[in-house]
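>>> would you be able to build a 3D model of this:
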Amino acid sequence: MPKINGNEIRPGNILEHNDSLWVAVKVGHVKPGKGGAFAQVEMKNLRNGSKLNERFRAADKVERVRLEQKDQQFLYESDGNLVFMDTETYEQIELPADILGERRPFLQDGMTITVEFHDSEALSATLPQKVTCTVEETEPAVKGQTAANSFKPAVLDNGVRVMIPPFVGEGEAIVVNTETMEYSERA
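Sure, this is the predicted structure:
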C-alpha cells in the first residue's frame, strides 16, 4: 500500500490507521503560532461507523488504501441478507441489508449497484444516483397553487416519503435522487 504524508490527506481518502480502515470525512490544516503545522482529520471507521479525530504532522506517514469497486446485480433478499451477483464472474455474495443504510428501500430487483471491497471484505455499497419510483399516495393538486414554488408530501411505492411538485399525481412515475432522497424529475 502507498504511504502518504500527513499533510496530503484529503476528504474521501481511505486510510489504514490503528489496524483498522478509516475514511477521512473532514480535513483541516492548522498552523499554530508555536510549533509545527498539522492536519486535523475527522475519520469514520468503515467497519463499525465509530468516529475519531486525529492529528497528523507533515512528517507522519499513513497508509492510503485503494478499494476495489465491482458492479453487483441485486438478486433477492433472504434472512436479512441481500444476495448479489458479480456481473463479470457470476459469483454470488451475501451482504447484510444495513450496508445500504437509509437508502435500502430504493433497491429494486435486478438493479446494479457498486460495492467497494478491501481484499475480499465488502465495506460499502452505492446505489445508482437516480432511481425511478411510483407515487402511491399524495393529496390532490389545489387549483392556483402552482404560482409559488410549493411542494406536497407523497408516499412512494417503496414506503419512502418525499416532497413532490403539485402537478405530480398518484400513480405517476418519478425519478428520485438517492443521495439527497429528493424528487428529481418526472420519469
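>>> which residue ranges make up each domain of this structure?
Under the assignment automatic domain parsing, the domains of the chain span 3-64, 68-126, 130-186.
>>> any chance of those in a markdown table, with mean neighbour count too?
For every residue, glycine as well, the C-beta is placed using N, CA and C. Shown next, in a markdown table, are those (neighbours: other Cβ atoms under 10 Å):
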| stretch | mean neighbour count |
| --- | --- |
| domain 3-64 | 14 |
| domain 68-126 | 14 |
| domain 130-186 | 14 |
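>>> and the ones you listed as a markdown table, adding mean pLDDT?
A markdown table is the format used below for the domains of the chain (pLDDT from 0 to 100):
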| stretch | mean pLDDT |
| --- | --- |
| domain 3-64 | 89 |
| domain 68-126 | 88 |
| domain 130-186 | 84 |
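>>> excluding its backbone neighbours, what's nearest the residue nearest the centre of the chain?
Nearest residue to the geometric centre of the chain (Cα atoms, centre = their mean): residue 126, 5.3 Å. Distance criterion Cβ to Cβ, 6 or more residues apart in numbering; nearest residue to residue 126, sequence neighbours excluded, is residue 114 at 4.6 Å.
>>> please give the element, helix or strand, for the one you found.
strand 112-118 (DSSP states H and E).
>>> which helices and strands does that strand pack with?
When contacts are defined as 3 or more Cβ pairs under 8 Å, 6 or more residues apart in numbering; DSSP states H and E, strand 112-118 packs onto strand 68-78, strand 121-126.
>>> show me the one of those that comes nearest residue 137.
strand 68-78 (24.5 Å; Cβ to Cβ).
>>> tell me the contacts of residue 175?
130-133, 183-187 (Cβ atoms under 8 Å, 6 or more residues apart in numbering).
>>> which two from those residues end up farthest apart in space?
131 and 186 (13.7 Å).
>>> could you point out which element follows the helix or strand containing residue 135?
Assessed by DSSP H and E, residue 135 sits inside strand 130-138. Counting by DSSP H and E, the next helix or strand C-terminal to strand 130-138 is strand 152-156.
>>> run me through the strand neighbours of that following strand, direction for each.
Strand 152-156 has its sheet partners listed here by DSSP bridges as strand 130-138 (antiparallel), strand 161-164 (antiparallel).
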